[in-house]
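S.K.: A predicted structure for the sequence below; I have some questions about it.
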Amino acid sequence: MELLVTMTLLALIFAIVVPNLGAIVPSARLEGSGKQILRQLDWVRSEARIQGKTMGMDFDLDKRRWRIVYPPEQQLTRDQDAWTLEERPDQWQALEPDVVFAGVGDAKNGLATRGVYRLVFDEYGFTGDQIVALKLQSDPQMVWSMTIQGLTGRTTVETSERGELPQLPLVGEGAF
């Protein structure tokens, strides 16, 4: 009798927990990809300030990948010239499975949804206000986005389960 009660309770717990695991895992992949990009953006901004050189990140919106763009003098070896640099596939980091870019851009030019977008930090670590948004391919209503304030470097993260993207205010004079 005790074994029957134990088995019934375990079956009940699995019946409740297992269907909800599918909802948890995709959002974890979305958040994981977003936090990885956010961590790298913070690092690139910091390195641009420390080295006093322009650095950036490329986002390949069609192929679901991104990479860090170093200053040209750091990309060269002793045997290369600047015009002989070739793109290496190992430089790119892929997003998690089922995660795609919803868009990357700024208030002036809007969100890019195709092609390669370059987000650049100048030698002081400044950039224009930018948005990087990710979504799930299987559930486009689930969006994870980060807004980067270019002058302060402050980053805010917003999530939406209705497919909404945050809007950057268009700043007039003095904006990047």
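M.R.: In hand now; what should we look at?

S.K.: Strands of the protein, start to end?
M.R.: When secondary structure is read from DSSP state E, the chain shows strands at 55-60, 65-69, 93-94, 99-106, 110-112, 116-121, 130-136, 143-148, 155-160.

S.K.: For those, give me CSV that also has mean pLDDT, distance to M7 and mean neighbour count.
M.R.: Yep, even glycine has a C-beta here, placed from its N, CA and C like the rest. What follows is these, written out as CSV (pLDDT from 0 to 100; distance: least, Cβ to Cβ, whole Å; neighbours: other Cβ atoms under 10 Å):
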stretch, mean pLDDT, distance to M7, mean neighbour count
strand 55-60, 94, 51, 21
strand 65-69, 92, 47, 19
strand 93-94, 91, 43, 13
strand 99-106, 91, 38, 22
strand 110-112, 87, 53, 15
strand 116-121, 93, 55, 19
strand 130-136, 92, 36, 23
strand 143-148, 91, 40, 22
strand 155-160, 87, 39, 14
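
S.K.: Could I get those in CSV, plus columns for distance to E2?
M.R.: Conversion of the strands of the chain to CSV gives the following (distance: least, Cβ to Cβ, whole Å):
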stretch, distance to E2
strand 55-60, 58
strand 65-69, 54
strand 93-94, 50
strand 99-106, 46
strand 110-112, 60
strand 116-121, 61
strand 130-136, 44
strand 143-148, 46
strand 155-160, 44
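
S.K.: now stretch 127-141, how far from the centre of its chain.
M.R.: Relative to the mean C-alpha coordinate of its chain, stretch 127-141 is positioned 7 Å out (Cα atoms, centre = their mean, to the nearest Å).

S.K.: Can you show me the CA trace of that stretch as CSV?
M.R.: What follows is the C-alpha trace of stretch 127-141 in CSV, where atoms were taken according to Å, rounded to 0.1, in the frame of the first residue of the first chain:
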residue,chain,number,x,y,z
THR,A,127,28.9,54.8,-28.6
GLY,A,128,25.4,55.9,-29.6
ASP,A,129,22.5,54.5,-27.8
GLN,A,130,21.9,51.0,-29.1
ILE,A,131,19.5,48.1,-28.8
VAL,A,132,20.3,44.4,-29.2
ALA,A,133,17.2,42.2,-29.3
LEU,A,134,16.9,38.4,-29.3
LYS,A,135,13.9,36.2,-29.7
LEU,A,136,13.0,32.5,-30.0
GLN,A,137,12.5,31.1,-33.4
SER,A,138,9.9,28.7,-32.1
ASP,A,139,8.1,31.4,-30.1
PRO,A,140,8.7,34.9,-31.7
GLN,A,141,6.6,36.5,-28.9
